[in-house]
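>>> Any chance you can model this:
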Amino acid sequence: MELLLYISAIIAAVAFAILVIYLVRTLKSVNRTLFHVANTMAGLEKQMNGITKETEELLHRTNQLAEDIQEKSEAVHMLFDSVKDLGHSFQHVNQSIRNVSNTVASTTVKQSEHIAQAVQWGNVAIDLYMKFKQRNRDKSTTYKEEI
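You can find the predicted model right below:
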């Protein structure tokens with residue numbers, strides 16, 4: 001019976017040794033995996049630092065572009081305001097021209113009878129002048145014939 005006790009102790013010791021060997025191998029494998037993970041994390045950290053710097057630069061450039069766009073937008077806004085004011089000025093000039101045109105048209109309609117009379121008197125004056133001229137020619141021709 002004692003022999004059985006020694007054999008069971010040896011089997012337990014061998015089983016324990018095998019367990020320890022597999023446990024050591026597993027722990028070494030876990031150690032290698034953790035080492036690779038640590039290296040990967042270090043590389044990832046370097047990449048993240050690079051990405052962070054690039055992101056900051058990009059954000060800075062974006063802010064500069066936004067400011068530039070804002071300034072140009074304000075300049076364009078002032079230009080549109082000027083064009084709007086110019087349009088209002090043209091509208092006022094057109095309205096003034098329209099008023100003058102309407103005034104001239106209404107005055108012309110009111111004065112059309114006087115204008116017609118003035119034209120008739122002008123025609124009469126031209127006819128009288130022509131007759132006077134013709135008569136002077138006729139007189140000078142008759143006078144020359146008598147001489």
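>>> quick one: low-confidence parts of this structure?
Along the chain, the model assigns pLDDT under 70 to residues 140-147.
>>> what ranges do the strands span in it?
Counting by DSSP state E, one finds no strands in the chain.
>>> Report the central residue of it.
Ser73 (7.3 Å; Cα atoms, centre = their mean).
>>> From the structure, what's the count of residues near Ala13?
10 (other Cβ atoms under 10 Å). Any C-beta I mention is one placed from the backbone N, CA and C, and that applies to glycine too.
>>> OK, contacts around it?
If you count contacts by Cβ atoms under 8 Å, 6 or more residues apart in numbering, Ala13 has none.
>>> That one and Tyr129, how far apart?
Separation of Ala13 from Tyr129 (Cβ to Cβ, to the nearest Å): 157 Å.
>>> Ok, Glu71 next?
Distance from Glu71 to Tyr129, by Cβ to Cβ: 76 Å.
>>> What of Gly87?
54 Å.
>>> One more: Ala38?
Taken as Cβ to Cβ, the span from Ala38 to Tyr129 is 123 Å.
>>> Repeat that for Thr103.
35 Å.
>>> again, but for Arg98
In terms of Cβ to Cβ, Arg98 sits 41 Å off from Tyr129.
>>> for Met1, same thing?
172 Å.
>>> all helices of this structure, in order?
Remark: helices assigned in the chain by DSSP state H are 2-146.
>>> So what's the residue count around Leu27?
10.
>>> Same question for Thr40.
10.
>>> Near Phe90, how many other residues are there?
10.
>>> Over to Arg61?
Neighbour tally, Arg61, other Cβ under 10 Å: 10.
>>> Thr52 too?
10.
>>> go on, Ser82?
10.
>>> how much space is there between Trp121 and His114?
Noted for Trp121: a distance of 10 Å to His114, by Cβ to Cβ.
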